[in-house]
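**Q** Have a look at this fold, sequence not included:
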Ligand SMILES: Cc1ncc(COP(=O)(O)O)c(C=O)c1O
């Protein structure tokens, strides 16, 4: 029976697709959602940190804000902002000309998806141009659509977005009377392709941001997970090393992939003036003071770096096992690049496959996967599927991919 509420839904709610996804039941192999290996969640350390918050500052932590005042509702607990600034400063320390960040460069948000939506609403008016990679994070596509942005995409290769194509899009949008304000890029271990924007292209992108007067929104949530070579410096670090002191990059990040997604803590890093635009549109009364304080204690405790390293090494083993299984069981039906980092496989199905049938055929076998069109408005994305594997054991990855190979064989055109 249709609920009476259905007719009250806004057109946005009625057309949302990701929220409506239902995994197959039973779901034997859940390749749908990108999430870390639960085995590396630092449960004991987080418990100790939360207990210490209640022991030492229970009343304060239960308030909307601490002694940091109202700014803590818009920017988050000052102690956590300081810790995050320290982490990013240490990460970028070897970039020539890099400058230290402090709390004024950090806004704490409820997961990086929240920060990204704030960036869109703080910067974009209807009709403003935004350019992003051809396949990208579906939630951001949704935020941009809701904001009435004029969205254009650029193709990618293994070295990230094609910067000549970016210039062409900038030129086209300008000729059509749209001001381009934002380029959104998952520059490192791009979702969903795994590509890494090369250093040379990073430098060109930063130069274009100055020449064409736009902001770069750098989504950095997979940066820590490199399996082959460490990635180039972040766009934020390169920007801050520029002679003009930077200010062109807003970097979004979170602890969802490196600590635990259930914390729902992320951050935006950049120039205080850019953060001000986000603070101006922020209306959620802040992140949890309790969680922010516990997270700050966890970061101070010093186990963060070794936990991330442990997770990285584990993910590398899983990546290698998954790639071997894909070659063995699906090699005839899909083409893919071995991802040099991140937590996904992005598979292009061969012409020999009747690909619109694949998601349903996989679901019938209890395999949840994410269809390519959820990453792009380009109909050609239908030929792709994304597998998220970080949370699964090596055995599950191998078995799930073997079964997926059988599904593909069944979907082959006769
Ligand atoms: C590229 C990208 N950005 C942002 C997010 C949002 O993560 P969270 O809101 O948990 O920080 C995700 C989640 O998978 C993602 O893949």
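**A** Thanks, I have the structure now. Computed from a prediction, not measured in an experiment: that's the story for all the values here.

**Q** Secondary structure element holding residue 346?
**A** The secondary structure element spanning residue 346 is strand 344-349 (assigned by DSSP states H and E).

**Q** I'd like the next helix or strand past that strand.
**A** helix 358-364.

**Q** residues making contact with the helix or strand just after that following helix?
**A** Of the helices and strands lying after helix 358-364 in sequence (DSSP H and E), the nearest is strand 367-368. The contact list for strand 367-368 (C-beta atoms under 8 Å, 6 or more residues apart in numbering) reads 23-24, 27-32, 362, 400, 403-404, 407. For glycine as for every other residue, the C-beta is placed from the backbone atoms N, C-alpha and C.

**Q** Sheet-wise, list the partners of strand 367-368 with their directions.
**A** Applying DSSP bridges, strand 367-368 is found paired with strand 29-30 (parallel).

**Q** how far out from the middle of the chain is the strand it pairs with?
**A** 21 Å (C-alpha atoms, centre = their mean, to the nearest Å).

**Q** returning to what we had before: strands paired with the strand holding residue 346, and their directions?
**A** Applying DSSP bridges, one finds strand 344-349 paired with strand 334-335 (antiparallel), strand 384-388 (antiparallel).

**Q** Indicate which one of the ones you listed is closest to residue 8.
**A** strand 384-388 (33.3 Å; C-beta to C-beta).

**Q** among the strands paired with strand 344-349, which is the most enclosed?
**A** Per residue and on average, the most neighbours among the strands paired with strand 344-349 fall to strand 384-388, with a mean of 24 (mean count of other C-beta atoms under 10 Å).

**Q** Get me the contact residues on the chain for the ligand.
**A** Contacts of the chain with the ligand, taken as C-beta under 6 Å from any ligand atom, map to 34, 111-113, 137, 186, 191, 219, 221, 254, 256, 261, 266.

**Q** from those residues, which ones fall inside helices?
**A** Assigned to helices by DSSP state H, the following of these qualify: 112-113.

**Q** Could you take the residues of the chain next to the ligand and lay them out as TSV, with extra columns for distance to residue 310, neighbour count and pLDDT?
**A** Shown next, in TSV, are those (distance: C-beta to C-beta, whole Å; neighbours: other C-beta atoms under 10 Å; pLDDT from 0 to 100):
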residue	distance to residue 310	neighbour count	pLDDT
34	19	23	92
111	23	20	97
112	22	25	97
113	25	21	97
137	26	24	96
186	24	29	98
191	23	24	96
219	24	27	98
221	18	26	97
254	19	26	96
256	17	20	96
261	17	19	96
266	22	25	98
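
**Q** Widest-spaced pair of the residues of the chain next to the ligand?
**A** 186 and 261 (17.0 Å).

**Q** contacting residues for the nearest residue to residue 266 once chain neighbours are set aside?
**A** Nearest non-adjacent residue to residue 266, counting by C-beta to C-beta, 6 or more residues apart in numbering: residue 254, 3.1 Å away. Going by C-beta under 8 Å, 6+ apart, residue 254 touches 111-112, 115, 221, 265-267.

**Q** With respect to residue 394, which of those is nearest?
**A** residue 221 (23.3 Å).

**Q** Would you mind giving the residues of the chain next to the ligand as a markdown table with distance to residue 378 added?
**A** Formatted as a markdown table, the residues of the chain next to the ligand follow (distance: C-beta to C-beta, whole Å):
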| residue | distance to residue 378 |
| --- | --- |
| 34 | 21 |
| 111 | 27 |
| 112 | 24 |
| 113 | 22 |
| 137 | 15 |
| 186 | 16 |
| 191 | 16 |
| 219 | 19 |
| 221 | 23 |
| 254 | 27 |
| 256 | 27 |
| 261 | 28 |
| 266 | 28 |
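
**Q** Give me the domain ranges for the protein.
**A** 22-42+306-410, 44-301 (automatic domain parsing).

**Q** Pull the distance from the longest one to the chain's centre.
**A** It stands for domain 44-301. 9 Å.

**Q** what comes up buried for stretch 404-414?
**A** For stretch 404-414, a neighbour-count test (16 or more other C-beta atoms under 10 Å) marks 404-405, 407-408, 411 as buried.

**Q** Please narrow those to those residing in helices.
**A** Reading helices off the buried residues of stretch 404-414 with DSSP H, I get 404-405, 407-408.

**Q** ok, now which ones touch residue 127?
**A** Residue 127 neighbours (C-beta under 8 Å, 6+ apart): 148-150, 178-179.

**Q** right, and the secondary structure at it would be what?
**A** Classification of residue 127 using DSSP: H, G, I helix; E, B strand; the rest coil returns coil.

**Q** Roughly how far does it sit from the ligand?
**A** Between residue 127 and the ligand the computed distance is 25 Å (C-beta to the nearest ligand atom, to the nearest Å).

**Q** Ok, residue 46 next?
**A** With C-beta to the nearest ligand atom as the criterion, residue 46 and the ligand are 16 Å apart.

**Q** now whichever strand or helix holds that residue: how far from the chain's centre is it?
**A** Per DSSP H and E, residue 46 falls inside helix 43-61. The chain centre lies 28 Å from the centre of helix 43-61; the measure is C-alpha atoms, centre = their mean.

**Q** quick one, what contacts the residue of the stretch 101-250 of the chain found nearest the ligand?
**A** Residue nearest to the ligand within the stretch 101-250 of the chain: residue 111 (2.8 Å; C-beta to the nearest ligand atom). Neighbouring residues of residue 111 by C-beta under 8 Å, 6+ apart: 254, 256, 261, 264-266.

**Q** Give me the contacts around stretch 244-251.
**A** Applying C-beta under 8 Å, 6+ apart, the contact partners of stretch 244-251 are 99, 119, 206, 209-210, 214-218, 220, 234-236, 239-240, 242, 268-271, 273-275.
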